[in-house]
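*Asks:* Need a 3D model of the following:
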Amino acid sequence: MAKDADRVPASKKPSRAEARAAKQAEKARRRASSDPADMGRMRQIREAYRITHEHDPKLPFLLAAAFGIPATLGTVGGILLDQWFALPLLGLMVGLLLAMIVLVRRTKRATFIRYAGQAGSAEVALSMLPKKWISTPVVTANRHSDVVHRTLGPAGIVLIGEGEPGRLRQLLASEQRKHENVAFGVPVTTVVMGDRPNQVPLDQLTKHIQKLPKAIDAHQITEVRNRLRALDAVRPKVPVPKGPLPTSMRGARQGLRGR
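*Replies:* A predicted model of the protein is given here:
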């Protein structure tokens, strides 16, 4: 009887034509989507190349050199050493690997060039952190569009300020106190992003955060994350400034590095 009750009436089941139409509609949506989650690996690579080439005219030549030199050396070595299969194949594989490395690095460089100076650009650097870092863009902001971002990882809590240094000092100090009240001994580090003395440039922000000394383990990150959710739940609605939302570029980079 229970099995009969769980059965879906035949009249409510989609027909084959309806199922086929739904499948085609989903395929069309994914093709038209700019969300990296809807892209296959090859489309992510093409998207990374397209966006990077807009800001990096040298990209085709660098990729050609990265692939062509090992492939040529492998082919020539195969001819000279009578290794007609192994060495050319090795050259092709090394060439593909080097080309991918070049593309990822130039994509990263082009991203910083594209978003440098824009409000909210620290989000670009935070998106490049490994998965063990949990980032929250714009945890607070003021009417002058000075913002504070947050990331949580092995170094503890890191607060990143963007905006006018004088106003940021007070904003960061306030956020640091709030986070220390719920962190219970976990370090809370503040960083001001910018190109002035004692500031961290956009293109160095990711490295700067990763080089901070390790302070907590993975299980502690989960505990602190839950406390931060409680802190964020009682905040007033943040007036989020209009900043970069580099979803296509970020997704392409994540796809290239297997995230």
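
*Asks:* the strands in the protein, which residues?
*Replies:* Under the criterion DSSP state E, the chain contains strands at 134-141, 147-153, 156-162, 188-192.

*Asks:* Same list (those) but as a markdown table, adding distance to residue 105, mean neighbour count and mean pLDDT.
*Replies:* In this view, the C-beta of every residue, glycine as well, is placed from N, C-alpha and C. A markdown table is the format used below for those (distance: least, Cβ to Cβ, whole Å; neighbours: other Cβ atoms under 10 Å; pLDDT from 0 to 100):
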| stretch | distance to residue 105 | mean neighbour count | mean pLDDT |
| --- | --- | --- | --- |
| strand 134-141 | 21 | 19 | 91 |
| strand 147-153 | 22 | 24 | 94 |
| strand 156-162 | 23 | 24 | 94 |
| strand 188-192 | 23 | 18 | 94 |
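
*Asks:* Including distance to residue 65, could those strands go into a markdown table?
*Replies:* A markdown table is the format used below for those (distance: least, Cβ to Cβ, whole Å):
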| stretch | distance to residue 65 |
| --- | --- |
| strand 134-141 | 35 |
| strand 147-153 | 36 |
| strand 156-162 | 36 |
| strand 188-192 | 37 |
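
*Asks:* Name the helix or strand of the chain that has the lowest mean pLDDT.
*Replies:* When each helix and strand of the chain is scored by mean pLDDT, DSSP states H and E, helix 247-256 comes last, with a mean of 44.

*Asks:* just how off-centre is stretch 79-86 within its chain?
*Replies:* What separates the centre of stretch 79-86 from the centre of its chain is 42 Å, taken as Cα atoms, centre = their mean, to the nearest Å.

*Asks:* Identify the residues contacting the closest residue in space to residue 212 that isn't next to it in sequence.
*Replies:* The shortest distance from residue 212 to any non-neighbouring residue, by Cβ to Cβ, 6 or more residues apart in numbering, is to residue 155 (3.6 Å). For residue 155, the contacting residues are 187, 189, 209, 212-216, by Cβ atoms under 8 Å, 6 or more residues apart in numbering.

*Asks:* just these now: which is nearest residue 174?
*Replies:* Closest to residue 174 out of the contacts of residue 155 is residue 189 (15.3 Å), distances taken as Cβ to Cβ.

*Asks:* who touches that closest one in this structure?
*Replies:* Residue 189 touches 155-159, 212, counting by Cβ under 8 Å, 6+ apart.

*Asks:* if we go to 6 Å?
*Replies:* residue 158 (Cβ atoms under 6 Å, 6 or more residues apart in numbering).

*Asks:* Relative to residue 213, how far out is it?
*Replies:* 10 Å (Cβ to Cβ, to the nearest Å).

*Asks:* Contacts only, for residue 167.
*Replies:* Contacts for residue 167 (Cβ under 6 Å, 6+ apart) come out as residue 146.

*Asks:* Residue 201 versus that one, what's the distance?
*Replies:* Taking Cβ to Cβ as the measure, residue 167 falls 20 Å from residue 201.

*Asks:* What are the structural domain limits within the protein?
*Replies:* For the chain, automatic domain parsing gives the domain ranges 37-115, 122-235.

*Asks:* Which one of these lies nearest to residue 15?
*Replies:* Comparing those under Cβ to Cβ, the one sitting nearest is domain 37-115, at 26.1 Å.
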